[in-house]
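Trainee: could you work out the structure for the sequence below:
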Amino acid sequence: MTDPNAPQQPAYQQPAYQQGQQPLQPAPGDYPGKTLGIVGLVFAFVFALVGLILSIVALNQSKAAGYQNTPAKVGLIVSIIVLAIYVVWIIVAVVIGATALATLGSLSTYTTG
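Mentor: Down below sits the predicted model:
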């Protein structure tokens, strides 16, 4: 049996905050913009423009707090690359469409004339 007079270790308790207050420090291993940086990285592959915006915001939050945010940096780079690929695809589609319309227009003049 344990001695009831022996000092016991206090159980871990969350610090008490007044209603409406938040702890000032983030949880250990977490820093401002980390979650937003990860979300920005994921969105970089699906919706590049949204991923770009989220990554920029996360990177600015982390820089303001003095942290490096690798997921936000990667999300920023991936978003820029994916957006560049989208722009190239749009240009190629417009050129192909214009060429097809020009070809169809020239074919119609030969067949009706």
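
Trainee: helix or strand for the closest residue to Val74 other than its chain neighbours, which one?
Mentor: Leaving aside its chain neighbours, Val74 sits nearest to Leu41 (5.6 Å; criterion: CB to CB, 6 or more residues apart in numbering). From N, CA and C alone the C-beta is placed, and that goes for glycine too. Following DSSP states H and E, one finds Leu41 within helix 34-46.

Trainee: now that helix - C-alpha only, PDB.
Mentor: Output of helix 34-46 as PDB, limited to C-alpha atoms (Å, rounded to 0.1, in the frame of the first residue of the first chain):
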ATOM      1  CA  LYS A  34       1.800  25.500 -40.600                       C
ATOM      2  CA  THR A  35      -1.700  24.100 -41.200                       C
ATOM      3  CA  LEU A  36      -2.500  26.700 -43.800                       C
ATOM      4  CA  GLY A  37       0.800  25.900 -45.600                       C
ATOM      5  CA  ILE A  38      -0.100  22.200 -45.800                       C
ATOM      6  CA  VAL A  39      -3.600  23.100 -47.100                       C
ATOM      7  CA  GLY A  40      -2.000  25.500 -49.700                       C
ATOM      8  CA  LEU A  41       0.300  22.700 -50.800                       C
ATOM      9  CA  VAL A  42      -2.600  20.300 -51.300                       C
ATOM     10  CA  PHE A  43      -4.600  23.000 -53.200                       C
ATOM     11  CA  ALA A  44      -1.600  23.700 -55.400                       C
ATOM     12  CA  PHE A  45      -2.200  20.400 -57.200                       C
ATOM     13  CA  VAL A  46      -6.000  20.800 -57.500                       C
END
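
Trainee: helices and strands around that helix, which ones?
Mentor: helix 48-65, helix 70-112 (3 or more CB pairs under 8 Å, 6 or more residues apart in numbering; DSSP states H and E).

Trainee: how about that helix: buried residues?
Mentor: For helix 34-46, the neighbour count (16 or more other CB atoms under 10 Å) marks Lys34, Leu36, Gly37, Ile38, Val39, Gly40, Leu41, Val42, Phe43, Ala44 as buried.

Trainee: identify all contacting residues around it.
Mentor: Defining contact as CB atoms under 8 Å, 6 or more residues apart in numbering, one finds that helix 34-46 is touched by 50-59, 61-62, 67, 69-76, 78-79, 82.
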